[in-house]
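A.B. asks: what shape does this take:
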Amino acid sequence: MTPTGRATCIRLDLNDMRYPEEDSIRATRRFWIQTELHPPLGDPCQD
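C.D. replies: Numbering: from 1, shown residues only. Have a look, this model is predicted:
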């Protein structure tokens with residue numbers, strides 16, 4: 001991950017464990033995975 005990517009995650013609290021799991025980006029990401037919206041097709045990090 002780039003420094004910009006790390007800063008973005010920190011700033012947006014994308015992986016923050018301080019919040020309850022059901023009330024966070026983690027719950028949203030789980031939903032995206034279940035609906036096949038994440039990871040996006042062609043995502044270079046998944047290759």
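
A.B. asks: now Cys9, what's its secondary structure?
C.D. replies: Secondary structure assignment for Cys9 (DSSP: H, G, I helix; E, B strand; the rest coil): helix.

A.B. asks: what about it, how many residues close to it?
C.D. replies: Applying other CB atoms under 10 Å, we find 14 residues neighbouring Cys9. Every residue, glycine included, has its C-beta placed from N, CA and C.

A.B. asks: quick one: residues contacting Cys45.
C.D. replies: Counting by CB atoms under 8 Å, 6 or more residues apart in numbering, Cys45 makes contact with Pro39.

A.B. asks: at 6 Å instead, please
C.D. replies: Cys45 sits next to no residue when contact means CB atoms under 6 Å, 6 or more residues apart in numbering.

A.B. asks: show me where the chain dips below the pLDDT cut-off.
C.D. replies: Applying pLDDT under 70 to the chain flags the ranges 13-17, 21, 46-47.

A.B. asks: now do the helices in it.
C.D. replies: Using DSSP state H, the helices of the chain run over 3-12, 25-34.

A.B. asks: nearest to Gly42, out of those helices?
C.D. replies: Nearest of the helices of the chain to Gly42, taken as CB to CB: helix 25-34 at 15.6 Å.
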